[in-house]
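>>> Predicted model and sequence below, questions to follow.
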Amino acid sequence: MMRKLTSLSVGLLLLAGCVPGAPEGTVALSEPASPFIAFNVWVKAGSQNDPAGQEGLAALTANLIAEGSTTEDSYDAILAKLYPMAARYGYSVDKEMTVFGGRVHRDNLEAYYTLFKNALLSPAFSEADFERVKSQTMNFLERTRRYGRDEELSKELLFWIDYSGTAYEHPEEGYVESVRSITLDDVRQFYDAHYLANNVTVGLGGGFDRALLSRVRADFDALAVGEVAAIPAPEPRMPNGVEVLIVEKETDASAISFGFPTALTRGHADFWPMVAMNSWFGEHRESFSHLYQVIRESRGMNYGDYSYIEAYPRGYTTQVPPTNVARRSQLFEIWIRPISLTAPGNLHDRTLFATRAAWRELKRLVDDGMTGETLETTQQFLKNYVLNWSATVSRRLGYAVDDAFYGVSDNGYLESIRPGIAALTLEQVNAAIRTHLQYDNMYLVFITADAEAMKQALLSGAETPITYAGEKSAEHMAEDAEIASFPIPVREENITIIGIDEVFER
Amino acid sequence: MRLIIATLFLLAGVASPARSQEGIFPFEYRLVEIENGFKAYLIHAGAPGQIAYVSIVRTGSRDEVEEGKSGFAHFFEHMMFRGTEKYPNFDAVTAGMGAARNAFTGSDQTVYYEVVASEYLEQVMDLESDRFMNLKYAEPDFRTEAGAVLGEYQQGAMSPSRFLNEKVRETAFDRHTYRHTTIGFEADVRAMPEGYDYSLSFHQRFYRPENVVVIIAGDFDFDEAESLIGRYYAGWEPGYVAPEIPAEPVQTAPRRRTVDYPGRTLPVLTVNYKGPAWSATDKSAVAAEVLGRVAFGSNSDLYKQLVIEQRRVQYLREGFGLARDPSLLGISTMVIAPDDVPAVEEEIQATVRRFQEDLVDAQLLADTKSNMKYGFLMGLETAQNVAFRLIRYVINTGGIEAVNDYYRTLDTITAEDVRDAARQYLMEDGMTVVTMVQGGGA
């Protein structure tokens, strides 16, 4: 296939164009004036392709390829060759996609491409490299993931319970026990089965010439040809009422994530209406987010509060949406950043207050919809804001590869956002909200101290008021009273408690 | 009002290091300086139709000299989004422009930025100059925002690197404000709601034209921008009062400390030395930054040995990047077998001794210079990135001109300079070794 991206958006024309007659199996984003060349090689396999009991295999395979020796060079020789260029290549593995990417200054193109190509086409799969990469992964699974950042862990757990029983269930990095069992032979077999000429798309962006594009495709055609069994799209189960997971941990701040599956992906007729809705309700790391205004700006409860209609892993590291996490199934997700105790004993009240505040806003959104004014403000905001999503050639190329995944034809996703948003009517948006959002059925994840007390607080339905360091208006306090008693109806059998050291063990 | 147009560089495209005799910085720029001491750099760079508007305050957690006020520069950064009389709702205005806007604080600086369509140049300048001059917020809003800062403290509190960084600083420094991190001590963060009056004085002292440099990078007309700067910034009253930052006494004996991380971790060993202040022209300072890379970087012999061949550590990192005042040259590594920590430290010490005795390999030195230059050029892709790449020069010198000086100095660094830097700075008496281990019972 071939994708083009002729101009980024109205008013921000980039000197970009498709490459006429570009070969099949390529995504080409030519920007001749750029001094950089970006690579994006998409292997059509992800964690959903991990065999049972070997969860994490796709990620470990990609990791070893990106950070291991080739038949030409040992890993330290590769590092030594990359070093003077200040260039590197990396990998990302999501549910459905594995991507290898990198960027180099045109001065160093030939030397860089040789290393990049060898990594993918001639991996050495050495025992020593495998031991190193696996040890680093095990350290992440056993320690960093459980202790480093609870807010990210709560999001991963939300996906875990939401996709239970499907190919999306396990985290991309796998479980402690599954990764421990993976051998170098497993990696070799995964590579042989999935890194196939007909299962790989090569993407080039920036200041490359046409001959390079053909050469890269021809080089990757040296991979074997074969069949990869299709994996059915996951059909996650809607929660039955409110289903709660509480992870017990010694902490004085709670992580909170909640959501439910939707039928919405790129290309769906309601996608643009839901982009507008989500931008207003919870734009990622933006004070424009309504949830942010309610919980952080006027109440100072935490650092930020956002919502999502597409997967957004590692959101704490970025302000722009990740590329190459394209999926056939998505959640609607609310992320409440850590809620800290402010006095001994008030952690659970504050945790539940923030949860109730967000839930109440969701209810109001579903019941009342957006207004003409909020939609117009959102359209005005997004018109220029979305330009920030495509600032670099690597990101533009990432979007173009995602277009290939989704089968977005015409002008591609980036070019479609502005007209898609501008054309929306309030009726469309509110109809989409009623179709895709609801507030009765919810998966809810807490990572907090004293899980049993949290469970009892939830079951009791008792009010959870909060106090402030400064004065608040009567109007504000009246709204707080409503929030503090907002119902979260949950049955005891729908609350599961696990300890932090059980998380993602197997 | 008087406008001084100091410099005009014209160089097309993005240069390569080999062709950088005129200087490594490849873009056309103009300095606009006005009588109150305010400076703005105008740079043509990045994509058509967009500008990055970056305001750099040369104040950070380094300036938090008062007891109990750690973290305040960062907290104040939050307050800058709380509006003025003219624009009571800052966020609504930036949302109307669809701006990507944010801010961040470090030891030596507080930086605010907006990335907007070029058509908003005047509006964003009006908005920015207004809040720098006329910020106004009520005490209840101040108290509310303190809660958000506590939340920010919490979201990274368990990050092992932040936890360790806090301990290293407080062990290595006795008096200088680099003793505390930018986010501040938790007790100080929790006391922030009570600091309203202090916050007003903070703005008065530091948010002055002599202490702020604006970089506008992107697609816009220099003459128009220059005229707007005259209109919007000339009325800003000077009056910056530099804080008296306590000088750090010379360290006379090595320090050692073991700290417990309240989660699960493999041991992390850090070896730190007292380095010089950043300089674009002092060869020993630039050589110290080179030394970190050649001795402990991803292409060093020690990295090859410990990470790749022997696989005794999960990672090895160097932090030899310098700051406005003398700061730490640090090496950190995560050791796989806890009882191997002393032997790994000995490998680090042996490497220090080797670089004090032997000359660095010529190819490695040449490759390191190339790495540093291409690292700079690779970061010049967008208007925002171009402006961000210049922040360190503004922090340290008050202008961007030093970028070319720095890379010229780098070109002159010899193997002898690197050895001299190792002898001068990697002194045992100035060493602080902190080891982070898993806390009891966890």
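Now that the structure is in, tell me what you want to look at.
>>> Assign B:Leu359 to helix, strand or coil.
With DSSP: H, G, I helix; E, B strand; the rest coil as the basis, B:Leu359 sits in coil.
>>> and what of A:Phe100?
strand.
>>> What of B:Glu152?
B:Glu152 - assigned by three-state DSSP - is helix.
>>> In which helix or strand does B:Glu318 reside?
Assigned by DSSP states H and E, B:Glu318 belongs to strand B:313-319.
>>> pLDDT below threshold where in the chain?
Picking chain A for this. Residues of chain A meeting the criterion pLDDT under 70: A:1-21.
>>> wait, I meant chain B there
Within chain B, the ranges that satisfy pLDDT under 70 run B:1-21, B:440-442.
>>> partners of the helix or strand that the strand holding B:Glu318 is followed by in the sheet?
Per DSSP H and E, strand B:313-319 leads on to strand B:328-335 as the next helix or strand towards the C-terminus. Its sheet considered, strand B:328-335 pairs with strand B:268-274 (antiparallel), strand B:313-319 (antiparallel) by DSSP bridges.
>>> May I have the first one exported as CSV, CA atoms only?
Taking only C-alpha atoms (Å, rounded to 0.1, in the frame of the first residue of the first chain), the coordinates of strand B:268-274 have been written out as CSV:
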residue,chain,number,x,y,z
VAL,B,268,21.3,2.1,42.7
LEU,B,269,24.8,3.4,43.2
THR,B,270,25.6,7.1,42.5
VAL,B,271,29.1,8.6,42.6
ASN,B,272,29.1,12.3,42.5
TYR,B,273,31.8,15.0,42.3
LYS,B,274,31.8,18.8,42.6
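>>> OK, contacts around B:Tyr41?
Going by Cβ atoms under 8 Å, 6 or more residues apart in numbering or on different chains, B:Tyr41 touches B:29-32, B:213-216, B:390, B:399-400. Placement of C-beta: from N, CA and C, glycine included.
>>> Restricted to strands, list these.
In this view, the contacts of B:Tyr41 that belong to strands under DSSP state E are B:29-32, B:213-216.
>>> and of the residues you listed, the nearest to B:Gly297?
Nearest to B:Gly297 among the ones in strands among the contacts of B:Tyr41 is B:Ile215, at 28.9 Å by Cβ to Cβ.
>>> Number of residues surrounding the closest one?
Counted with other Cβ atoms under 10 Å in any protein chain shown, residues neighbouring B:Ile215 total 27.
>>> ok, it to A:Asp209 distance?
Distance, B:Ile215 to A:Asp209, by Cβ to Cβ, to the nearest Å: 34 Å.
>>> any residues touching the strand holding B:Glu318, and which ones?
By Cβ under 8 Å, 6+ apart, the list of residues contacting strand B:313-319 from outside reads A:135-136, A:139, B:266, B:292-293, B:295-297, B:300, B:302-303, B:306-307, B:328-336, B:344.
>>> quick one: buried residues of it?
By neighbour count on 16 or more other Cβ atoms under 10 Å in any protein chain shown, the buried set for strand B:313-319 is B:313-314, B:316-319.
>>> Please work out how many residues are found near the residue lying closest to A:Gly315 once chain neighbours are set aside.
Residue nearest to A:Gly315 in three dimensions, not counting chain neighbours: A:His284, with 6.0 Å by Cβ to Cβ, 6 or more residues apart in numbering or on different chains. Per other Cβ under 10 Å, the neighbour tally for A:His284 reads 20.
>>> my guess is B:Thr265 meets B:Pro160, correct?
Yes - checked against Cβ atoms under 8 Å, the pair B:Thr265 and B:Pro160 is within contact range at 5.4 Å.
>>> Which one of these two is surrounded by more residues?
Comparing B:Thr265 with B:Pro160 by neighbour count (other Cβ under 10 Å), the higher total belongs to B:Thr265, at 22 against 19.
>>> hang on, the more buried one in a strand?
No - assigned with three-state DSSP, B:Thr265 falls outside any strand and is coil.
>>> For the stretch 51-200 of chain B, which segments count as strands?
Counting by DSSP state E, counting those that start in this stretch, the stretch 51-200 of chain B has strands at residues B:100-105, B:110-117.
>>> ok, and what's touching the last one?
Translated: strand B:110-117. Strand B:110-117 is contacted by residues A:11-12, A:384, A:387-388, A:391, B:49-57, B:59-60, B:73-74, B:76-77, B:80, B:94, B:97-105, B:124, B:127-128, B:383-384, B:387, B:391 when judged by Cβ under 8 Å, 6+ apart.
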